[in-house]
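Undergrad: heads up, no residue letters with this:
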Ligand code: NAD
């Protein structure tokens, strides 16, 4: 098989949680471009439908409403996608939220909201999709961590977020070790600052924050969301067949300083 053929996702089924916008949408675009049928699984049903409609072409794309923090909702998502597109070969656990506040002022409610989406959500989706993959002895899971799981990035204060992302990387390694001999590979991507539409809006209101981010990013710019497409395709495909338990950092050098 040629190198290029090993990147193919022709005939595969992928779920991207939080795929309606931002990084999830870009990763879904990359997977669809390489031939996968893609389910855009998101809490925001209308935006998920828009994104799925835009991707629907040679490969099939559907929208599915899910709250990744709710186990019955996750189970229903897996059932729906399997009925519509067939068993799941690739899961991208991308849905995530951030709530910035100084630790001493962070309410327990806020702490728990962030943990629920960023950790419970990753666990629940990996559990239910993973179960199906283990039965079929094949599948790849890609969790979206962050450089914030390795480095306390500044100036924003986000202890809950940083903690969850460190947890995502350890969950990735743990699942990878448990499932390695049963055909399921689990890896993670840890992006640095990526210029999504939402990030753009935040920076417009806080130009000082952008200055600080750029000063700490050796490559001298923020990442473009589309720069994640190739990395997710690599981890989702046979191209990465000997890789499991890794978190790949893509941060323009931020954590290497
Ligand atoms: P975003 O807010 O633009 O998109 C997140 C998506 O997740 C939204 O469509 C939202 O509706 C969905 N979502 C939120 N809660 C959900 C839930 N409970 N169930 C289902 N869907 C839910 O975010 P983004 O910037 O594209 O980030 C995507 C992922 O990448 C997150 O895990 C984030 O932590 C991570 N990340 C982002 C950056 C960045 O610079 N943007 C950097 C590092 C890591």
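TA: Nice, I can see it. Since the structure is predicted, the reported quantities are computational estimates derived from the model, not experimental observations.
Undergrad: how about the helices in the stretch 51-200 of the chain?
TA: 71-85, 108-115, 121-136, 159-179, 197-205 (DSSP state H, counting those that start in this stretch).
Undergrad: Show me the one of those helices that comes nearest residue 12.
TA: helix 71-85 (9.4 Å; Cβ to Cβ). For glycine as for every other residue, the C-beta is placed from the backbone atoms N, C-alpha and C.
Undergrad: and that closest one, what other elements does it pack with?
TA: strand 13-17, strand 37-42, strand 61-65, helix 121-136 (3 or more Cβ pairs under 8 Å, 6 or more residues apart in numbering; DSSP states H and E).
Undergrad: circling back: among the helices of the stretch 51-200 of the chain, show the one with the smallest mean pLDDT.
TA: Among the helices of the stretch 51-200 of the chain, helix 197-205 has the lowest mean pLDDT, at a mean of 90.
Undergrad: and that helix with the ligand, contact?
TA: Yes. Applying Cβ under 6 Å from any ligand atom, one finds helix 197-205 in contact with the ligand at 198, 199.
Undergrad: Near the ligand, which residues of the stretch 151-257 of the chain are found?
TA: 191, 193, 194, 196, 198, 199.
Undergrad: which residues touch the host helix or strand of residue 233?
TA: Using DSSP states H and E, residue 233 maps to helix 229-236. With Cβ atoms under 8 Å, 6 or more residues apart in numbering as the test, helix 229-236 has contacts from 7, 9, 12, 14, 26-27, 29-31, 33-34, 36, 90, 92, 140, 142, 187, 189, 239-240, 243, 248, 250.
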